[in-house]
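> no letters, just coordinates:
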């Protein structure tokens, strides 16, 4: 025999139906908006959002890039649109006073921007670079304008003996080493896995991850409590890249290396962190992509443009400074121009 619903159950049923009807009302309202938008699109009346993102900083940054292709390793001096590295709105406050930093790939791009801000914060700087002597001299002049010393060390980070030599020269010149920034990189796009030869794979792996190991190993004997290592990772390590298979793999390895080395060195009082940039306007990309692709570089980010190096360098200051990041180690800090960091 069927049981009649109680008064309470009847009331609850009425409440449930009212809630369901409210949801249907919301759905119908959105359906009307969707239909109106579809009709407007068919009639060519659709209102499109502005293609450019308004400035999010103190001054507008370039959002149109020249269609230019550079010969590797890529000279910043040859770029039609010079990357912004000086960060004129950044005021130093002695966060790195009396410290010494060694920066690989410090001649241009992110490395140059980091060198300038480190000097502005009171650090002397040694710069390791491959062969871009003109760029390196330019970086040195900007470091010296900040009132600090700059040592230039040309060489190849794929060579472990050179990495030891670079560290030894830095310590001999400045009598200490407090910050290592692993930033040197090789990148070359490929349409498929089959296009990545053994030679290319070895060049990418040895430059991007072996070089980080070699430099960190050489620096370790000179780093004291309060020192730090900062690695340059990449957004492609977070989301992958169909055309940068080998490069993405090395950047993923750098992220894992950062976290593993952070655990290893924490008992020594040495912090290890990583910055994962999104698209950044440096010589690396015009020396990789075709001129046509370079003109579109960075437009897929939520900010619809690549970062300028001066928008990355404060993150490296933050992670290097004991006053700012003494309780931070083993992180990958995304600076990608996109919501959520990927």
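Okay, I see it. Keep in mind the model is a prediction, meaning the values are calculated, not measured.
> which outside residues touch stretch 206-226?
102, 104, 128, 157-160, 163-164, 166-168, 171, 176-178, 180, 182, 184-186, 229, 231, 247, 250-251, 253-254, 257, 261, 265, 268-270, 322, 326 (CB atoms under 8 Å, 6 or more residues apart in numbering). C-beta: built from backbone N, CA, C; applies to glycine.
> now those: which count as buried?
102, 104, 128, 157-158, 160, 163-164, 166-167, 171, 177-178, 180, 182, 184-186, 229, 231, 247, 250-251, 253-254, 257, 261, 265, 270, 322 (16 or more other CB atoms under 10 Å).
> strands along the stretch 51-200 of the chain, start to end?
100-104, 124-129, 150-154, 179-182 (DSSP state E, counting those that start in this stretch).
> nearest to residue 68, out of those strands?
Set against residue 68 and scored by CB to CB, the strands of the stretch 51-200 of the chain come closest in strand 124-129, at 21.2 Å.
> helices or strands next to the closest one in the packing?
Contact here means 3 or more CB pairs under 8 Å, 6 or more residues apart in numbering; DSSP states H and E; on that basis strand 124-129 packs against strand 100-104, helix 109-120, helix 133-145, strand 150-154, helix 160-174.
> note down every partner strand of that strand and its orientation.
Taking DSSP bridges as the criterion, strand 124-129 forms sheet pairs with strand 100-104 (parallel), strand 150-154 (parallel).
> what's the first helix or strand after the helix or strand containing residue 256?
Here residue 256 sits within helix 245-265, counting by DSSP states H and E. With elements assigned by DSSP H and E, the helix or strand that comes after helix 245-265 is strand 271-277.
> what's in contact with that next one?
By CB under 8 Å, 6+ apart, the list of residues contacting strand 271-277 reads 110, 227-235, 237-238, 251, 254-255, 258, 261-262, 265, 307, 312, 315-316, 319, 325-326, 328-336, 341.
> just the buried residues of those residues.
Buried among the contacts of strand 271-277 (16+ other CB under 10 Å): 110, 227-235, 237-238, 251, 254-255, 258, 261-262, 265, 307, 312, 315-316, 319, 325, 329-336.
> next step: those restricted to helices.
110, 237-238, 251, 254-255, 258, 261-262, 265, 315-316, 319, 325 (DSSP state H).
> with mean pLDDT and distance to residue 90 added, can I get the strands of the stretch 51-200 of the chain in TSV?
Putting the strands of the stretch 51-200 of the chain into TSV (pLDDT from 0 to 100; distance: least, CB to CB, whole Å) gives the following:
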stretch	mean pLDDT	distance to residue 90
strand 100-104	98	16
strand 124-129	98	16
strand 150-154	98	18
strand 179-182	98	17
